[in-house]
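**Student:** Generate coordinates for the sequence data below:
(one chain, ligands or ions: 1)
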Amino acid sequence: MIDVTLPSPLLSGAMVRHRLSALRRYTVTRRTARQRLRPSIALCVAMALVLGGCNQRSPSGNADTATVVHVRDGDTIELDDGRVIRYIGIDAPERGKPGADSATAFNVAMVMGKRVRLEYGHEKTDRYGRTLALVYVDDRSVSREMIRAGWAWCYFFEGNLGHSSDLLRALREAMSAKRGLWAMPADETSDHYVASFSSFRFHRPGCEVVATIERDNELIFPSRDSALFDGYAPCGVCRP
Ligand SMILES: [Zn+2]
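**Tutor:** Next up, the predicted model:
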């Protein structure tokens, strides 16, 4: 696969939207899971163009280390210095959902009791006060490994797009190989889903957020997996 690294460390939201719009026709005309899981070279290149500029590491000095003392779930850990870390770029099943225990167990095996290195994006905390970071164990990205094993999906913010193309590539590989969550039956909650070009979330059609999306900005997916495969994550309000 061709990877294209753009000169700037981050694309502006407008550039991401502009380039995502070029993918729209491709996305909405795909019909079957088999077609969906056979990504075209063109799409890979386009996504690399969209996200490839985000693969630069943070500047030196924008990272530190700590020891993991507790694993909450597949995407959140606690450190010996008291900080709660929410992994950048991924989302794992919530407690009680299919695959949640396995995702947590995989995370425990990777990081529990280990000295980890943290790397930050532009947004350093979320609305719950958790620190947002990419976490590394022996230079292995935990976000990437969680996705690669099939226990998490991509969860992008415009303020934290570091390593997005790498994560999306790992997700597609895991889905195509039916690893982890992707070996389980699809958990459809609607007959189609709606997203907007200006965010990286998808919704049930009746979600209050969908009412605010302009028609020109609307993107339709036939299944959860097709939205996830294109790097969209479930909305936290309607939980599709
Ligand atoms: Zn929603």
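
**Student:** now what about the stretch of helix or strand residue 101 belongs to, what contacts it?
**Tutor:** Residue 101 is part of helix 100-111 when elements are defined by DSSP states H and E. Applying Cβ atoms under 8 Å, 6 or more residues apart in numbering, the contact partners of helix 100-111 are 68, 71-75, 77, 92-94, 135, 137, 140, 142, 145-146, 149, 151-152, 180-181. Yep, even glycine has a C-beta here, placed from its N, CA and C like the rest.

**Student:** helix or strand right after it?
**Tutor:** Per DSSP H and E, helix 100-111 leads on to strand 115-119 as the next helix or strand towards the C-terminus.

**Student:** backbone phi and psi for the residue positioned nearest the centre of the chain, please?
**Tutor:** Closest residue to the average C-alpha location of the chain: residue 154 at 1.3 Å, with Cα atoms, centre = their mean. Phi and psi for residue 154, reported as degrees, to the nearest 10, are phi -70, psi 140.

**Student:** Once you drop chain neighbours, what's closest to it?
**Tutor:** Among residues not flanking residue 154 along the chain, residue 231 sits closest, at 4.8 Å (Cβ to Cβ, 6 or more residues apart in numbering).

**Student:** where does the one you found sit relative to the ion, distance-wise?
**Tutor:** Separation of residue 231 from the ion (Cβ to the ion, to the nearest Å): 17 Å.

**Student:** I'd guessed that residue sits against residue 168; true?
**Tutor:** Yes - counting by Cβ atoms under 8 Å, residue 168 is a contact partner of residue 231 at 4.9 Å.

**Student:** Near the ion, which residues of this structure are found?
**Tutor:** Residues of the chain found near the ion (Cβ under 5 Å from the ion) are 203, 207, 209, 235, 237, 238.

**Student:** So which of those residues wins on neighbours?
**Tutor:** Within the residues of the chain next to the ion, residue 203 tops the neighbour count with 26 neighbours, counted by other Cβ atoms under 10 Å.
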